[in-house]
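**Student:** need a structure here:
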Amino acid sequence: MAAEVPSPDRLEGPAGADGEDSEGKYVYCIIEESQPKTFGKIGIGNRGDEIYTIHHENLAAVVSDTPLVVYDPTRENALRHEQVNETVMNDYTVVPMSFGTVFKRTDDVIEFLKGTSDALMDVLQKMRDKIELGLKVNWDREAIIREIEQENEEISRLKAEINRTSSSTYFGRMQLGRLVEQALTTRADNFVAEVYDHLRDTAVASRAGKPIGDKMILNAAFLVEREKADEFDEKVQEIARKYEGKLAFRYTGPWPPYNFVNIRLKLERAGEAPVMPAASLNVDH
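**Tutor:** The predicted structure follows:
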């Protein structure tokens, strides 16, 4: 199950006509809570702003005061955004907001909660007691190629012919390279399919990202029930032991469900309040 709650576009540009010195509300995430809460002076921007909640009925936006500026997605800013969400996640199920979401006024935040309350409550229910775990799998490409050359008769024969010929042809080497790449793709697909199959019973949903570099064959996020986190860990260790020396597993988390829930807002120019259409909810099974 993967839940997305799209509103139009992420908030962009200074949030109004009052200038950069005006104060706004930076929103990190949404939680289910009716009572005011604080989470420490860890707000984005290195001013030591308190993290606190703004409420509508049982919904609360976790915010800090901020200048009405566009935050650059620097490492420092991104880490602070994540730090706040991880702190809140220790006690709550969170619906993370996109990086850089800023409202002009408290009333604008409340109006957003009102306008999207049904969708937000639906997502909070679906995400309740679930965490995101990231998993990256790298392989020893050269070791896999050697294994393929030993197991694949056509590749083994062609390589032997090239090595026997003092003046091996360009086309022969091209053919060998093409066969090896095809075999590598097939082997990677098989490895990835086995990893997913091995982890399926311990994950609610998964999202595949783009592998980075030649060594990475899997870059994925898994939505896991908190109570199954240890079981997920055991499953990862099992398959890592099975392919020790061939595959290297690295997973991170727990995180808020960044890859399964995303809320983006659009701010009108000319000093208007943010546009708050009702959010829609898509659920993939």
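
**Student:** any idea where the strands of the stretch 1-150 of the chain begin and end?
**Tutor:** Applying DSSP state E, counting those that start in this stretch to the stretch 1-150 of the chain gives strands spanning 2-4, 23-32, 52-56, 59-67, 95-96, 102-103, 130-139.

**Student:** low-scoring stretches of the stretch 101-250 of the chain, by residue?
**Tutor:** 165-168 (pLDDT under 70).

**Student:** Apply 90 and report the result again.
**Tutor:** Scanning the stretch 101-250 of the chain with the threshold set as pLDDT under 90 gives 140-184, 213-214, 245-246.

**Student:** domains for this structure, by residue range?
**Tutor:** Listed domain ranges for the chain are 2-116+263-278, 132-255 (source: automatic domain parsing).

**Student:** Of all the ones you listed, which one is nearest V123?
**Tutor:** domain 2-116+263-278 (5.1 Å; Cβ to Cβ). In this view, the C-beta of every residue, glycine as well, is placed from N, C-alpha and C.

**Student:** before we move on, back to that, and the domains of the chain as a markdown table, adding distance to L124 and mean neighbour count?
**Tutor:** A markdown table is the format used below for the domains of the chain (distance: least, Cβ to Cβ, whole Å; neighbours: other Cβ atoms under 10 Å):
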| stretch | distance to L124 | mean neighbour count |
| --- | --- | --- |
| domain 2-116+263-278 | 5 | 18 |
| domain 132-255 | 14 | 15 |
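
**Student:** out of these, nearest to Q125?
**Tutor:** domain 2-116+263-278 (8.7 Å).

**Student:** Wait, a strand at L199?
**Tutor:** No: according to DSSP: H, G, I helix; E, B strand; the rest coil, L199 belongs to no strand; its state is helix.

**Student:** these two touch, right, it and K235?
**Tutor:** Yes: assessed by Cβ atoms under 8 Å, L199 is found in contact with K235 at 5.4 Å.

**Student:** ok, the residue nearest to E23 when sequence neighbours are not counted to F232 distance?
**Tutor:** Closest residue to E23 apart from its sequence neighbours, by Cβ to Cβ, 6 or more residues apart in numbering: D65 at 5.5 Å. Separation of D65 from F232 (Cβ to Cβ, to the nearest Å) stands at 38 Å.

**Student:** and what of P256?
**Tutor:** Remark: distance between P256 and F232 (Cβ to Cβ) = 17 Å.

**Student:** Adding distance to N219 as columns, could you present the strands of the stretch 1-150 of the chain in JSON lines?
**Tutor:** Shown next, in JSON lines, are the strands of the stretch 1-150 of the chain (distance: least, Cβ to Cβ, whole Å):
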{"stretch": "strand 2-4", "distance to N219": "16"}
{"stretch": "strand 23-32", "distance to N219": "24"}
{"stretch": "strand 52-56", "distance to N219": "34"}
{"stretch": "strand 59-67", "distance to N219": "28"}
{"stretch": "strand 95-96", "distance to N219": "19"}
{"stretch": "strand 102-103", "distance to N219": "30"}
{"stretch": "strand 130-139", "distance to N219": "5"}
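
**Student:** I'd like to know which of those strands is closest to I239.
**Tutor:** Among the strands of the stretch 1-150 of the chain, the nearest to I239 by Cβ to Cβ is strand 130-139 (9.1 Å).

**Student:** contact partners of that closest one?
**Tutor:** With contact meaning Cβ atoms under 8 Å, 6 or more residues apart in numbering, strand 130-139 is reached by 89, 93, 188, 191-192, 195, 199, 204, 215-226, 229, 232, 236, 246-260.

**Student:** Parallel or antiparallel, which strands does it pair with?
**Tutor:** Strand 130-139 has its sheet partners listed here by DSSP bridges as strand 216-225 (antiparallel), strand 247-255 (antiparallel).

**Student:** where's the last one relative to the chain centroid, distance-wise?
**Tutor:** Taking Cα atoms, centre = their mean, to the nearest Å, one finds strand 247-255 lying 13 Å from the centre of the chain it belongs to.
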